[in-house]
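Colleague: structural data only, the sequence is not supplied:
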């Protein structure tokens with residue numbers, strides 16, 4: 001049984017989403033993990049367009065770039081198909097999904113059949129983090145264009161049995177403008193960590 005783990009943070013050891021994913025993984029008791037860090041090792045930004053263009057070019061006329069992009073798309077699709085479960089640490093950047101995540105989604109879908117349910121019925125934990133707060137009544141209510149998109153792709157398109165864990169105010173302690181929310185941020189961090197432990201244990205029971 002293999003678990004696919006995908007991280008998209010660009011913050012290295014300072015990443016809140018990586019911290020949550022580590023908590024989930026710790027509960028798996030050493031289950032085999034297939035890792036892809038698209039934040040530290042980004043996928044080529046032009047690979048998706050090149051893979052799509054290749055479909056319009058006869059195979060014997062494709063360039064090396066075409067072949068490489070098609071192979072990469074197939075590799076990503078294959079990782080999803082082969083996974084028995086997944087941990088996806090996909091933080092919110094600039095009000096939406098990062099370029100790294102969008103490229104991964106697009107390329108994986110290019111490597112499969114149209115609308116293919118790569119994760120059909122498989123348990124998947126998505127961990128997403130936000131520097132500020134975007135809930136109802138906040139000044140940025142409605143600015144989160146990340147979380148619903150993750151649900152649509154991972155659950156609705158790819159068919160996963162999704163557990164979504166969110167953490168806000170991760171920039172408290174970094175951005176002085178958010179100092180007034182220190183206590184709230186601490187409660188949110190604790191709650192997210194507890195949810196990650198619970199999700200990890202649930203995942204372990206299924207893999």
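Modeller: Received, thanks. A quick note: this is a predicted structure, and the numbers were derived from the prediction, not measured. Numbers count the residues shown, from 1 in each chain.
Colleague: from here on, just use CA atoms for contacts and neighbour counts.
Modeller: Fine.
Colleague: which parts of this structure are strands?
Modeller: Ranges of strands in the chain, per DSSP state E, are 3-7, 33-37, 85-89, 92-93, 96-97, 123-129, 161-167.
Colleague: any chance of those strands in TSV, plus distance to residue 109 and mean pLDDT?
Modeller: Listed next are the strands of the chain as TSV, based on distance: least, C-alpha to C-alpha, whole Å; pLDDT from 0 to 100:
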stretch	distance to residue 109	mean pLDDT
strand 3-7	16	98
strand 33-37	16	98
strand 85-89	16	98
strand 92-93	21	97
strand 96-97	16	97
strand 123-129	17	98
strand 161-167	18	98
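Colleague: so residue 70 touches residue 54, yeah?
Modeller: Yes - counting by C-alpha atoms under 8 Å, residue 54 is a contact partner of residue 70 at 7.4 Å.
Colleague: neighbour count for the two, which is higher?
Modeller: Taking neighbours as other C-alpha atoms under 10 Å, residue 70 and residue 54 compare with residue 70 leading, 22 against 19.
Colleague: the residue nearest to the more buried one when sequence neighbours are not counted and residue 11, how far apart?
Modeller: Computed as C-alpha to C-alpha, 6 or more residues apart in numbering, the closest residue to residue 70 that is not its neighbour in sequence is residue 51, at 4.9 Å. For residue 51, the distance to residue 11 equals 29 Å [C-alpha to C-alpha, to the nearest Å].
Colleague: again with residue 19
Modeller: For residue 19, the distance to residue 11 - C-alpha to C-alpha - is 11 Å.
Colleague: do the same with residue 108
Modeller: 24 Å.
Colleague: related to what we said a few turns ago, looking at residue 19 and residue 11, which has the bigger crowd around it?
Modeller: More crowded of residue 19 and residue 11, by other C-alpha under 10 Å: residue 19, with 17 against 12.
Colleague: what confidence value was assigned to that one?
Modeller: Predicted confidence (pLDDT) for residue 19: 98.
Colleague: for the residue nearest the centre of the chain, what are phi and psi?
Modeller: Compute the mean C-alpha point of the chain, and by C-alpha atoms, centre = their mean the closest residue is residue 90, 3.4 Å away. When read as degrees, to the nearest 10, the backbone of residue 90 gives phi -130, psi 90.
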